[in-house]
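Undergrad: Got a sequence here, can you model it:
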Amino acid sequence: MRLINLISSIDVLRFEGNKHQEIAGIAFNSKQIKPGYLFVCIVGLKTDGHLFIEEAVARGAGAIIVEKWEPCLSPGVTQILVSNSRSALAAVSNIFFDYPTSELRVIGVTGTNGKTTTSRFIESILSEAGMKTGLLGTIECRIGNEQLPIERTTPESYDLQAIFHRMVEKSAEAAVMEVSSHAVDLHRIDGCRFDALVFTNLSQDHLDYHGTLENYFEAKKRLFMDNAGGECRFVINIDDAFGQRIAGISNPENHYFGLSEMVDVRASDIVLESKKSHFRINSPAGCQEIDLKLLGLFNVYNALAAAALGFAFKVPPELVKRGLEAVENVPGRFEIVDCGQNFSVIVDYAHTPDGLEKLLSSARDITRGKLVTVFGCGGDRDRLKRPLMGEVVGNLSDYSIITSDNPRSEDPNRILSEIERGLKKVTRNYCLEVDRKRAIYKGISLAGENDCVIIAGKGHEAGQEFKDKTVPFDDRQVARAALKELTTCSQ
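TA: Next up is the predicted model:
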């Protein structure tokens, strides 16, 4: 594709070179450059793409998009100055892959908690309706049964457009994707055309990046204001205070879900059991009795969000029911680890105060004995939520073990002490164990008949991140090993 066509939709501040050269590919990582490629210099959170211009040219880059003009660029290399290279990357990627979201029904799911499970429910409903569907989120990227690698909840714009292009090539009809606040703020979804946007909830998270809760909300809000097409459907949790603010955005087709009798899609007659969640969905399409295999009130909300989306797309009620009931588990989301023990062990990704409160409240609903919680907080992330998480866990658990999550570059002991500040406000029934494996073993060793051990924070993750390395670590595998070892020792 010619460069002049690629840059047709971006605001060019300065240009030197050949507009008519053929561009063989696009990359924002200099190591991926091949002869004839366009290199886009992104100013990242940890490094700056402008530092790698020389390497990109050496690898054969024919043109470079920059935010900072390079006066000593090699002769024959075209240079394009823009005000925001991330926005430019999204624009040229969209053109390069021939506007793939225009060929798909794209559903974006956003919120602090519930994105992954809600997306899985939606995918299941659309599949029951006969659509070939792509799924893109925290846990996996998949087209039908084909798994694709992912690095983050919402990939960079070039990778995202490449995935959508692959979905079109594979004859997918719909794409369900989780949309993070970072993706909105960093222009990763610029150019995407959404047919529906789902808002699950919002509570404190990512303040290390956004600074304030209001800034965090504004990023979510921009998704609905800037990325919704003319016929985009909004599916909103009206029980959430921030959802009510999203509902105030002018849009011709809003669909609300919750527990209130006034909403379009609501749940009633909720019965939360240790093996399933039973409830009735009431909607303009009628009433359906649902036996959900996923546990907890928060999963009732996730199911309602997906049902509301299904109804907005005119999926028949019986297929919505089948789609919800077909989902047996979501990795690392209220995932039960069962080795035949007489108590429950549950692994969950909850890593915010609100997420932990919902998780532990749901665990309380199905636990007859004591509740033991093993948890930590990630390093290099929002420090303000650490004591809040400690206080939530202290209030809802009978005993708590504070441990490492992904400490990254921080001192793990300092993270634990910041969590402890909140925990000790409300209880003395806790201990600190910086080694996560030992903490999980200790939590399981404390459990007896009818008790419940919650292992929170990492969920589906298969590694633990330290300053200079990531080591293999899966809470579910460690829990199984502990159960087998401790059960054997007790016999």
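
Undergrad: pull the longest strand from this protein.
TA: In the chain, ranked by residue count with DSSP state E as the criterion, the top strand is strand 228-237.

Undergrad: Could you list every helix and strand in contact with that one?
TA: Contact analysis of strand 228-237 by 3 or more Cβ pairs under 8 Å, 6 or more residues apart in numbering; DSSP states H and E lists strand 194-199, helix 241-247, strand 254-258, helix 297-312 as its packing neighbours. Heads up, the C-betas are built off the backbone N, CA and C, glycines and all.

Undergrad: right, and the helix or strand after the worst-scoring helix or strand of the chain on mean pLDDT?
TA: Sorting the helices and strands of the chain by mean pLDDT, DSSP states H and E puts helix 207-210 at the bottom, at a mean of 82. With elements assigned by DSSP states H and E, the helix or strand that comes after helix 207-210 is helix 213-226.

Undergrad: buried ones in that next one?
TA: Using 16 or more other Cβ atoms under 10 Å as the test for burial, helix 213-226 gives 213, 216-217, 219-221, 223-224.

Undergrad: hmm, back to that, distance from the chain centre to the least confident helix or strand of the chain, please.
TA: Averaged C-alpha coordinates place helix 207-210 at 16 Å from its chain's average position (Cα atoms, centre = their mean, to the nearest Å).

Undergrad: Residues in a beta bridge with the nearest residue to S283 once chain neighbours are set aside, which ones?
TA: Spatial nearest neighbour of S283, excluding adjacent residues (Cβ to Cβ, 6 or more residues apart in numbering): V265 at 4.6 Å. Applying DSSP bridges to V265 gives these bridge partners: F257.

Undergrad: these two touch, right, S180 and T154?
TA: Yes: at 4.9 Å, S180 counts as touching T154 under the criterion of Cβ atoms under 8 Å.

Undergrad: what about these two, which has more around it?
TA: Between S180 and T154, counted using other Cβ atoms under 10 Å, T154 has the larger neighbour count: 25 against 22.

Undergrad: what about the residue lying closest to G230 once chain neighbours are set aside, distance to R233?
TA: Of all residues not flanking G230 in the chain, P252 sits nearest, at 7.8 Å (Cβ to Cβ, 6+ apart). Using Cβ to Cβ, to the nearest Å, we find P252 at a distance of 9 Å from R233.

Undergrad: Give me the below-cutoff pLDDT ranges for this structure.
TA: 151-153, 229, 488-491 (pLDDT under 70).

Undergrad: okay, now the domains of it?
TA: Under the assignment automatic domain parsing, the domains of the chain span 3-95, 100-326, 335-490.

Undergrad: Ends of the shortest one, what's the gap?
TA: Right, domain 3-95. End-to-end span of domain 3-95 (Cα to Cα, to the nearest Å): 11 Å.

Undergrad: Could you report the neighbour count for S74?
TA: The tally of other residues near S74 (other Cβ under 10 Å) stands at 13.

Undergrad: Next, it: phi, psi?
TA: Main-chain torsions, S74, degrees, to the nearest 10: phi -60, psi 140.

Undergrad: One more: the one 3 residues further on?
TA: Reported as degrees, to the nearest 10, the phi and psi values for V77 are phi -100, psi 130.

Undergrad: check contacts around it.
TA: Shown in contact with V77 (Cβ atoms under 8 Å, 6 or more residues apart in numbering): 17, 57, 61-64.

Undergrad: I'd like the distance between it and N29.
TA: 18 Å.
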